[in-house]
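Quick one, what's the 3D model for this:
(2 chains)
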Amino acid sequence: MSTARAQLAHVSLSAGRRRAWAVIAGLALAGALALVWALAAGELDIPARSVLGALFGGEQGMAADVVRHLRLPRAVAVYACGGLLAMAGALMQVLLRNPLADPYVLGVSGGAAVGALLAMLLGLAPMLVDGAAFAGALAAMLLVFGLAHGDGSWTQTRLLLTGVIVAAGCGAAITLMLALAPDARVHSMLFWLMGDASGATRPWPALVVMVAGLAAALPCARELNLLARGELAAQALGVQVRRLRYLLYVLASLLTAVAVTLVGSVGFVGLVVPHLVRFVIGNDQRLLLPAVALAGGALLTLADTAARTVIAPLQLPVGVLTALIGVPVFLFLLARHQR
Amino acid sequence: MTPAAPMLEADRLALRVGSRWLCCEFSQQLVAGQCLVLLGPNGAGKTTLLHTLAGLREPGAGRVLLGGRPYAGWRALDAARFRGVLAQQQPDHFSSTVLETVLVGRHPHLGRWGWEGPEDERVAREALDSVGLAELAGRDILTLSGGERQRVAVAALLAQAPQLLLLDEPTNHLDLHYQIAVLDLIRGLADRGRGVVMVLHDINLAARYADQVILLDGHGGVCAGARDEVLQAGLLSRAFGHPLRRYELDGRTTFLPD
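Next up is the predicted model:
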């Protein structure tokens, strides 16, 4: 037996966990730095010291106002949405036992997009667009649940097929609305579809949902580990599989619905972040879920700040940036991971 | 559990898949220290029977009693400490180390917020050692061969440390040496007072390890009883649809196809 293998055999459980906690602490720090950058960067450059002064030192003046009233709400909302999407992706991957699942695969974002675009087509106020997006997401979630549940079998294949078909139907409706929309509105509709955080001005709902979602998922995180390894084995080990899958479905859908309502269908965060984190700390959901929430928040905050600043005063849709950052990083890690 | 109750009891049990009855009613008991083997041709319902005995699906008729109580009277985690199941397939979708995979068996022994501690790690490493895989503890399960993966699954069941073990083709993917090694290990557990129920394909392995046999003939017929009552050339030939002859070789009962 090779010595390398023998050494691996003695890697203790606790050493792996210490490393994972160190990674989680690092991700929290990265998120904090990303937030400081998001508050500092923009048309008006504000030094980091003034940012901290505005946040914690009670500093007054225009710069402080910009930080507190313009940039902070958006930055926090974006951070929370990144966390929501990444967590929803991780949960969806467990639910479907498919590492390629993302938060949108079961049609929640399609439903939200139909709602949002319909509201935009009718020229409703931004507040109502958000409401329509959330209603559309919930409608898609209930529709898929009802259809997949059917005779009570609620199998994974049936769930996946139902979700994919509902998503495809939403896609057709979206294309139809884009084709019918007057030119003046198409631009904002496309931005919504690509993911755009410029309208995210209320940070608290997303932040509260993110914390509540973690609080709901963590107590059954070890059961999620078992479910990810197969339903039969999980059931034999004492997991109430059916109940757990309902919880997973509703939780992942709600997290997605809130995020999509606030920032649109930002791609890649929900797919790539759980993968990246899994490469580094493994697939123990007790560590993975908090880590992906922090990593998703940091990534989306960085992407949104870049989207606001790289070609300022023009703003890019943040979804384009997440793809531009996420894809190469993912390919790099994938290539390095192969043994 | 009352001391006198058998570990597992099938009481006028019958199985149904959809509208098709897989077997007619039968009753059978398993006491501690015994090994029960389920035999039958492909599609006869061996796995369905094992899952029913394990409480993973409802019987078509009759009842299954675990330690004298129906499964409905057990809390799921208590049942998981009493009986463990080895599934026929080990579907792996995500990377994980061998050690983590074996530690899964400790789940029913931990509280909701519990983490696997040094004692669980010791149990898991011991289980890995007993299937000859101690050195692979740090390996990714996605890189294992089929036979190694099967032995990891057996180790996870050992780490679970149930009183009653239900195994669906424990010799799956194993070459001859490990078939015997794993079955010797399981038989040893029975000899030290655990109960064993297993699905086997090989009549001769059944003859070697079973105390009792349930033979499903694939047409609804069931023959359940002590090994030598069930393992008869005529019954086996009818069930498997091929003439078999019985030989005694060095004191071992052996069946060979004609």
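
Every contact and neighbour count from this point should use C-alpha atoms.
Will do.

low-scoring stretches of chain B, by residue?
Where chain B drops to pLDDT under 70, the residues are B:1-4.

try 90 this time
Across chain B, residues meeting the criterion (pLDDT under 90) sit at B:1-5, B:16-24, B:43, B:91-93, B:95, B:112-113, B:218-220, B:249-252, B:258.

quick one: the strands in it?
Under the criterion DSSP state E, chain B contains strands at B:8-17, B:20-30, B:35-39, B:61-66, B:69-70, B:83-86, B:164-168, B:195-199, B:212-216, B:222-226, B:244-249, B:252-257.

Return the residues of the stretch 1-150 of chain B in contact with chain A.
Within the stretch 1-150 of chain B, the positions adjacent to chain A are B:54, B:56, B:76-80, B:84-87, B:90-96, B:104-105, B:107-108, B:112-113, B:121, B:134-139 by Cα under 8 Å from any Cα of the partner chain.

go with 6 Å
Within the stretch 1-150 of chain B, the positions adjacent to chain A are B:76-77, B:80, B:135-138 by Cα under 6 Å from any Cα of the partner chain.

Without its sequence neighbours, what residue ends up closest to residue B:51?
Closest residue in space to residue B:51, ignoring its immediate chain neighbours: residue B:57 at 6.1 Å, by Cα to Cα, 6 or more residues apart in numbering or on different chains.

Could you measure from that neighbour over to residue A:127?
Note on residue B:57: its distance to residue A:127, by Cα to Cα, to the nearest Å, is 49 Å.

Looking only at neighbour counts, state which of those two leads.
Under the criterion of other Cα atoms under 10 Å in any protein chain shown, the comparison of residue B:57 against residue A:127 puts residue B:57 first, with 13 against 10.

can you tell me how far the spatially most central residue of chain A sits from residue A:299?
Centroid-nearest residue in chain A, with Cα atoms, centre = their mean: residue A:85, separated by 1.1 Å. Counting by Cα to Cα, the separation of residue A:85 from residue A:299 is 11 Å.

As a markdown table, the strands of chain B with mean neighbour count would be great.
Converted to a markdown table, the strands of chain B look like this (neighbours: other Cα atoms under 10 Å in any protein chain shown):
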| stretch | mean neighbour count |
| --- | --- |
| strand B:8-17 | 19 |
| strand B:20-30 | 18 |
| strand B:35-39 | 26 |
| strand B:61-66 | 20 |
| strand B:69-70 | 16 |
| strand B:83-86 | 26 |
| strand B:164-168 | 26 |
| strand B:195-199 | 26 |
| strand B:212-216 | 25 |
| strand B:222-226 | 19 |
| strand B:244-249 | 13 |
| strand B:252-257 | 15 |
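
Quick one: closest of those strands to residue A:142.
Across those, the minimum distance to residue A:142, taken as Cα to Cα, is reached by strand B:8-17, at 30.0 Å.

Specify the angle between that closest one and strand B:61-66 in degrees.
What separates the directions of strand B:8-17 and strand B:61-66 is an angle of 140 degrees, with axes from the mean of the first three to the mean of the last three Cα atoms, to 10 degrees.

Listing partners with orientation, what would you give for strand B:8-17?
Partners of strand B:8-17 in the sheet, by DSSP bridges, are strand B:20-30 (antiparallel), strand B:61-66 (antiparallel).

out of those strands, nearest to residue B:192?
Minimum separation from residue B:192 across the strands paired with strand B:8-17 (Cα to Cα) falls at strand B:20-30, 14.8 Å.

Could you tell me the angle between the closest one and strand B:212-216?
Following the same axes, to 10 degrees, one obtains 170 degrees for the angle between strand B:20-30 and strand B:212-216.

can you list contacts of strand B:20-30?
Residues from elsewhere that reach strand B:20-30 (Cα atoms under 6 Å, 6 or more residues apart in numbering or on different chains): B:6-16, B:220-221.

Between strand B:35-39 and that strand, find me the angle.
Using the same axes, to 10 degrees: strand B:20-30 against strand B:35-39 is 160 degrees.

so how far is strand B:20-30 from its chain's centroid?
On the basis of Cα atoms, centre = their mean, to the nearest Å, strand B:20-30 sits 17 Å off its chain's mean C-alpha point.

Can you show me the CA trace of that strand as PDB?
Presented in PDB, the C-alpha positions along strand B:20-30 are these (Å, rounded to 0.1, in the frame of the first residue of the first chain):
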ATOM      1  CA  ARG B  20     -50.100  -8.300  -8.600                       C
ATOM      2  CA  TRP B  21     -49.700 -10.700  -5.700                       C
ATOM      3  CA  LEU B  22     -46.100 -11.700  -5.300                       C
ATOM      4  CA  CYS B  23     -46.600 -14.500  -2.800                       C
ATOM      5  CA  CYS B  24     -49.400 -16.200  -0.900                       C
ATOM      6  CA  GLU B  25     -49.700 -15.900   2.900                       C
ATOM      7  CA  PHE B  26     -47.000 -17.400   5.000                       C
ATOM      8  CA  SER B  27     -45.700 -17.100   8.600                       C
ATOM      9  CA  GLN B  28     -42.200 -17.300   9.800                       C
ATOM     10  CA  GLN B  29     -40.200 -16.300  12.900                       C
ATOM     11  CA  LEU B  30     -36.600 -15.400  13.400                       C
END
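
okay, now residue B:150: neighbour count?
For residue B:150, the neighbour count with other Cα under 10 Å is 24.

now the helices for the stretch 101-250 of chain B?
Along the stretch 101-250 of chain B, counting by DSSP state H, counting those that start in this stretch, helices occupy B:118-130, B:146-160, B:176-191, B:203-209, B:227-230, B:233-240.

and among those, the most buried is which?
A comparison of those by mean neighbour count, using mean count of other Cα atoms under 10 Å in any protein chain shown, puts helix B:146-160 on top with a mean of 24.

Show me what it packs onto, helices and strands only.
helix B:118-130 (3 or more Cα pairs under 6 Å, 6 or more residues apart in numbering or on different chains; DSSP states H and E).

What lies in contact with the helix it packs on?
B:102-103, B:134, B:155, B:158-159.

again with stretch A:50-67
Stretch A:50-67 is contacted from outside by residue A:39, using Cα under 6 Å, 6+ apart.

rerun that using 8 Å as the cut-off
Stretch A:50-67 is contacted from outside by A:36, A:39-40, A:44, A:46, A:68, using Cα atoms under 8 Å, 6 or more residues apart in numbering or on different chains.

now swap in stretch A:182-192 and tell me
Stretch A:182-192 is contacted by residues A:113, A:117, A:120-121, A:178, A:263-265, A:317 when judged by Cα under 8 Å, 6+ apart.

So which bits of that stretch are buried?
A:186, A:189, A:191-192 (16 or more other Cα atoms under 10 Å in any protein chain shown).
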